[in-house]
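A.B. asks: Sequence and computational prediction follow.
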Amino acid sequence: MIVKRLFSIFGIGALVFTTCAADHAAQGKLPEPGTYQVDPVHTFAYFGARHHVVGLVRGRFDKVTGTLTASKDPAACSVDITIDVSSISTQKAERDEDLRSPNYFDVAKFPAMTYVGRGIRRAGNSWIMDGSLTIHGVTKIVPVTFVFNGIFADTKPGKPKPTRAAFHATAAVKRAEFSLGARDNLNELGTLQSPDVDIQIDVEADKP
């Protein structure tokens, strides 16, 4: 039936890390060193999952939290992201309940998905982190490719004005590797070897 190409980390997740205002020329750079707190209201984790190989079902996770740590030393940059799996939405209630069930994520047993990584490497104007993605009780190393889009001051009246950094991240996974959707893996995907879930994440995170 559904979910295939999973999680922009996870986290969510994935993502990581100066100074200019929302300047796309910041790509290839990192924000100023420090720990940035993910803003759940301005963070979006989307996925596209293969349906009968040739189709695609899109969805999102609405609850993403965590921290990103930027450093002048790329090896010291880190990400720690948690996604509430029950917050999944594919715009169809019946399908979402099936995805929450033991057929897929089994949220009663495995309520959270996490992405944790340390160290990044440059890839042109992007960066890559090889972090640990844990879903459904299974942990795999999943590369996340991200760009730092720039920073700006969050200027809500009467509130502190932290430095806010923005990132865009992508990843791809094969759901069978996380023991997800055995029914689909048998009946739909056959011998398909490539990743069947694409992930995109847009993150805004504050440095107090």
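C.D. replies: The structure has been received and is ready for your questions.
A.B. asks: drop to CA atoms for contacts and neighbour counts, all remaining ones
C.D. replies: Noted.
A.B. asks: all helices of the chain, in order?
C.D. replies: Along the chain, counting by DSSP state H, helices occupy 93-100, 182-187.
A.B. asks: Out of those helices, name the one with the poorest average pLDDT.
C.D. replies: Per-stretch mean pLDDT for the helices of the chain is lowest at helix 182-187 (a mean of 58).
A.B. asks: List the buried residues of the lengthiest strand in the chain.
C.D. replies: Ranked by residue count, the top strand of the chain under DSSP state E comes out as strand 138-153. Within strand 138-153, the residues scored as buried using 16 or more other Cα atoms under 10 Å are 139, 142-153.
A.B. asks: Excluding chain neighbours, what is closest to residue 99?
C.D. replies: Leaving aside its chain neighbours, residue 99 sits nearest to residue 105 (6.0 Å; criterion: Cα to Cα, 6 or more residues apart in numbering).
A.B. asks: Distance check, the one you found against residue 97.
C.D. replies: Going from residue 105 to residue 97 by Cα to Cα, to the nearest Å gives 10 Å.
A.B. asks: So for the two, which sits in the more crowded spot?
C.D. replies: Neighbours per residue (other Cα atoms under 10 Å) separate residue 105 from residue 97, with residue 105 holding more: 26 against 16.
A.B. asks: hang on, isn't the more buried one packed against residue 180?
C.D. replies: Yes: under the criterion of Cα atoms under 8 Å, residue 105 makes contact with residue 180 at 6.6 Å.
A.B. asks: Quick one: the buried residues of strand 138-153 as CSV, columns for distance to residue 92 and pLDDT too.
C.D. replies: As requested, these are exported to CSV (distance: Cα to Cα, whole Å; pLDDT from 0 to 100):
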residue, distance to residue 92, pLDDT
139, 28, 97
142, 28, 97
143, 30, 97
144, 28, 97
145, 30, 97
146, 30, 96
147, 32, 95
148, 33, 94
149, 33, 94
150, 35, 92
151, 36, 86
152, 36, 80
153, 37, 73
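A.B. asks: Run through the residues that contact the residue nearest to residue 99.
C.D. replies: The contact partners of residue 105, by Cα atoms under 8 Å, 6 or more residues apart in numbering, come to 85, 99, 135-136, 180.
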